[in-house]
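>>> Using only what follows, build the 3D model:
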Amino acid sequence: MKLKRILYAVFLSFFFFNATAQKALLDQAEKEYNNYAYADAIAIYEKLASKGLEDEKMFQRLGNAYYFNAELTKASAWYDKLFKLNSKQDPEYLYRYAQSLKSAGDYAKADKILEEFNRNKNSDSRGILFDNNRNYLEQIKMNSGRFEISPANVNSENSDFGSAFLNNNLVFSSAREIKNKEGKTFKWNNKNFTNLYIATIKPNGDTNNAVLLNKEINSKFNESTPVFTKDGKTMYFTRNNYLDGKRGKDDKNITLLKLYKAVLVDGNWANIKELPFNSDQYSTAHPALSLDEKKLYFASDMPGTLGQSDLYSVTINDDGTFGKPENLGAGINTEGRETFPFISGDNELYFATDGRPGLGGLDIVVSKILENGTFDQVQNIGEPINTKYDDFAFIIDSKTRKGYFSSNKKGGIGSDDIYKFTETKKLVCERNLIGIISDSKSNEAIEGAIVTLLDENNQVLQVLETAKDGAYSFKVNCDKKYSVKVERKMYPVKVASISVASAIDNRLDFALEKERIVAFEIPIPAMKTVKVGTDLAKTLNISMIYFDLGKWNITDQAAVELEKILAVMQEYPKMKIDIRSHTDSRSSAKSNMTLSDKRAKSIMAWLTSKDIAADRLKGTGYGESRLLNKCKDGVKCSEEEHLRNRRSEFVISSM
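Predicted structure coming up:
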């Protein structure tokens with residue numbers, strides 16, 4: 001018994017020791033994680049996981065640490081464990097899991113996770129964009145194959161990224177090791193801090209050996225992503241919050257990113273100043289200049305940001321001061337990351353995002369900047385530039401169509417590499433406009449219909465005739481407005497407009513209704529008494545033209561009565577009529593006057609479509625000014641009583 005008690009005590013002591021040690025390691029990992037020392041946090045968490053620990057918070061942290069370090073395939077494995085342990089997670093984990101699955105090549109499962117994300121967070125633009133673009137892989141495929149790419153010869157075994165043009169040189173960021181730089185590493189990934197390098201660009205896009213930009217620019221922390229004015233005398237760049245030997249920190253003791261400006265003095269970059277809209281409490285990074293150099297674009301997570309980072313612009317005043325930064329808005333930004341902006345010579349905004357349907361990680365997209373300063377539709381630039389991994393920092397010379405981008409795709413030398421490219425075909429968003437022409441009653445396809453495509457100025461672009469299946473198809477451009485006109489014997493001409501979206505197929509179907517052939521014998525004896533001022537509807541004993549409440553479209557019942565008016569006017573080709581349209585008293589007098597005018601114009605349009613000359617018709621709206629009964633404002637009436645007032649009269653003005 002004594003031996004058992006000793007063994008039991010030893011077991012309890014061992015268990016207590018292991019539990020205490022495990023708690024201490026978890027606390028240490030949490031501290032590293034909260035300090036953004038993700039590499040160190042990963043090492044501790046994985047050590048605990050290897051010993052069999054299954055902890056929900058630990059799996060969250062491991063997935064996130066790999067996700068934020070752009071190692072999405074590894075992140076996927078830990079998110080998978082997390083959801084197996086507990087499927088009820090914050091929706092943001094669903095989105096990260098889906099993005100990570102894409103990097104593992106599992107698009108089918110990623111899309112199912114995104115569907116669940118959208119159900120759980122249906123107001124998030126990332127889910128809405130996915131739901132509206134379920135065939136996003138097909139769309140990306142249509143935009144692909146337009147680039148020839150190869151690794152740039154500036155890459156090292158470390159991270160190289162974020163390039164910029166400076167005259168005939170390439171300036172870029174690199175974490176390659178430098179002697180005598182205090183041996184410090186970036187705790188985020190335990191890699192060297194980055195510096196700016198410069199290399200001369202050869203005609204084929206290759207570069208000479210890269211050398212450090214001058215030491216006034218490169219500090220003991222990170223420098224990256226510069227942009228230069230066209231005269232090469234001013235540079236804006238990104239650096240950790242560090243200037244004049246002083247390191248700034250936020251209220252969590254973290255040194256964030258800021259934007260700086262430098263000018264060229266005697267061949268060296270000097271007079272470094274931080275931009276006035278920086279803050280110790282948020283990051284600003286990755287500058288880009290507008291074509292006229294009066295706007296600076298950048299990425300930030302400042303207050304007012306829609307997502308994890310958004311794109312902003314700020315005016316550069318003539319005196320060198322800056323305006324107030326403005327968010328580029330929901331047309332560009334999502335709840336995800338928008339970053340690394342670049343403005344091309346064609347005035348196009350290229351940027352990287354993980355908030356839109358893509359191939360995985362950051363994808364490079366583009367949007368044309370319109371003359372009014374707004375942005376055209378955002379398009380994914382496709383493969384081979386975009387991959388399952390992070391692809392970002394795109395720049396292009398609009399004259400040569402050559403440029404560079406950065407990626408952590410497989411096959412590179414370092415963790416990030418710079419690639420050179422030549423664009424062989426410009427991106428034109430061409431889509432299909434399709435539809436079926438059918439009979440509205442039988443639903444059968446109509447063969448032999450003439451279908452005409454017109455641009456927004458009503459200029460004819462293409463004409464075709466439907467076959468037995470009643471189908472038509474036109475090639476059209478995204479974000480353009482078109483009209484489609486359909487003509488077929490025994491059917492009235494029908495026209496409809498459409499604004500083309502980036503979906504693979506834009507549908508515009510037509511259900512045509514056959515023209516009625518009315519057996520109507522004109523009462524000739526009655527016509528002998530007709531004179532100017534006579535209401536045809538009363539003289540010919542036909543029903544008044546009724547309208548639905550608040551509407552002015554010609555109903556089936558109205559069309560039957562109008563065909564009688566049409567027959568009389570065809571019999572008496574010199575007859576002219578005054579169409580007088582009335583409403584009931586409901587709604588305001590002003591809106592009723594507008595409504596009645598639309599009703600009169602609607603009847604005129606119907607008659608002119610039947611080849612009645614427009615100069616034989618006059619249309620006048622009287623609103624509620626000529627009620628047939630007591631049903632004015634404030635008087636309670638039945639629907640039938642109100643209906644009597646919604647009428648049109650056909651008064652002969654000349655014979």
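
>>> And for Ile272, the neighbour number?
17 (other Cβ atoms under 10 Å). Glycine gets a C-beta too; all of them are placed from N, C-alpha and C.

>>> Is it in contact with Lys261, as I believe?
Yes. Ile272 lies in contact with Lys261 (Cβ atoms under 8 Å); the separation is 7.3 Å.

>>> Let me know the helix or strand that the residue lying closest to Ser497 once chain neighbours are set aside is in.
Leaving aside its sequence neighbours, Ser497 sits nearest to Ser483 (Cβ to Cβ, 6 or more residues apart in numbering; 4.9 Å). Assigned by DSSP states H and E, Ser483 belongs to strand 481-488.

>>> Mean confidence (pLDDT) on that strand, please.
Mean pLDDT, strand 481-488: 92.

>>> that older thread, identify the bridge partners of the residue nearest to Ser497.
Note on Ser483: beta-bridge partners by DSSP bridges are Leu454, Ser497.

>>> Can you list the buried residues in the helix or strand harbouring Ala600?
Using DSSP H and E, Ala600 maps to helix 589-608. For helix 589-608, the buried set under the neighbour-count rule, 16 or more other Cβ atoms under 10 Å, comprises Asn592, Leu595, Ser596, Asp597, Arg599, Ala600, Lys601, Ser602, Ile603, Met604, Trp606, Leu607.

>>> was I right about the fifth one contacting Thr555?
Okay, so that is Arg599. No. When contacts are counted by Cβ under 8 Å, Arg599 is not listed as touching Thr555 (11.3 Å).

>>> Now do the same contact list for Gly248.
Contact analysis of Gly248 by Cβ atoms under 8 Å, 6 or more residues apart in numbering lists Asn241, Tyr242, Thr255, Leu256, Lys258, Asp280.

>>> For it, give its distance to Asp292.
32 Å (Cβ to Cβ, to the nearest Å).

>>> same question, Lys574
Where Asp292 is concerned, Lys574 sits at a distance of 64 Å (Cβ to Cβ).

>>> again with Phe193
34 Å.

>>> What's the local residue count around Glu571?
As a burial measure, Glu571 scores 11 neighbours (other Cβ under 10 Å).

>>> Tell me the first helix or strand C-terminal of the helix or strand harbouring Pro341.
When elements are assigned from DSSP H and E, Pro341 belongs to strand 338-343. As assigned by DSSP H and E, the chain's next helix or strand after strand 338-343 is strand 348-353.

>>> that older thread, now the strand holding Pro341, how far from the chain's geometric center?
Remark: strand 338-343 is offset 15 Å from the chain centroid, using Cα atoms, centre = their mean, to the nearest Å.

>>> Helices along the protein, start to end?
Remark: helices assigned in the chain by DSSP state H are 2-34, 38-50, 56-68, 72-85, 91-103, 107-120, 125-132, 136-143, 524-527, 536-539, 556-571, 589-608, 639-645.

>>> Least confident of those helices, on average?
helix 524-527 has the lowest average pLDDT among these, namely a mean of 46.

>>> ok, and the helix or strand in the protein with the lowest average confidence?
helix 524-527 (a mean of 46; mean pLDDT, DSSP states H and E).

>>> what stretches of this protein score poorly on pLDDT?
1-19, 179-191, 515-529, 540-550, 556-557 (pLDDT under 70).

>>> domain assignment for it?
What the record gives for the chain is the domain set 42-122, 147-423, 430-512, 524-654, from automatic domain parsing.

>>> measure the third one end to end?
This stretch, domain 430-512, spans 28 Å end to end (Cα to Cα, to the nearest Å).

>>> Between Phe193 and Asp292, tell me which one has more neighbours.
Phe193 (19 against 9).

>>> Surely that one touches Asn218?
No. Using Cβ under 8 Å, Phe193 makes no contact with Asn218, being 9.1 Å away.

>>> winner for burial among the helices of the chain?
helix 91-103 (a mean of 24; mean count of other Cβ atoms under 10 Å).

>>> Check the offset of that one from the chain's centre.
19 Å.

>>> between that helix and helix 125-132, how big is the angle?
50 degrees (axes from the mean of the first three to the mean of the last three Cα atoms, to 10 degrees).

>>> Give me the contacts around helix 91-103.
60, 63-64, 67, 72-73, 75-76, 79-80, 82-83, 107, 109-111, 113-114, 116-117, 120-121, 124, 126, 336, 354, 358-361, 388-389.
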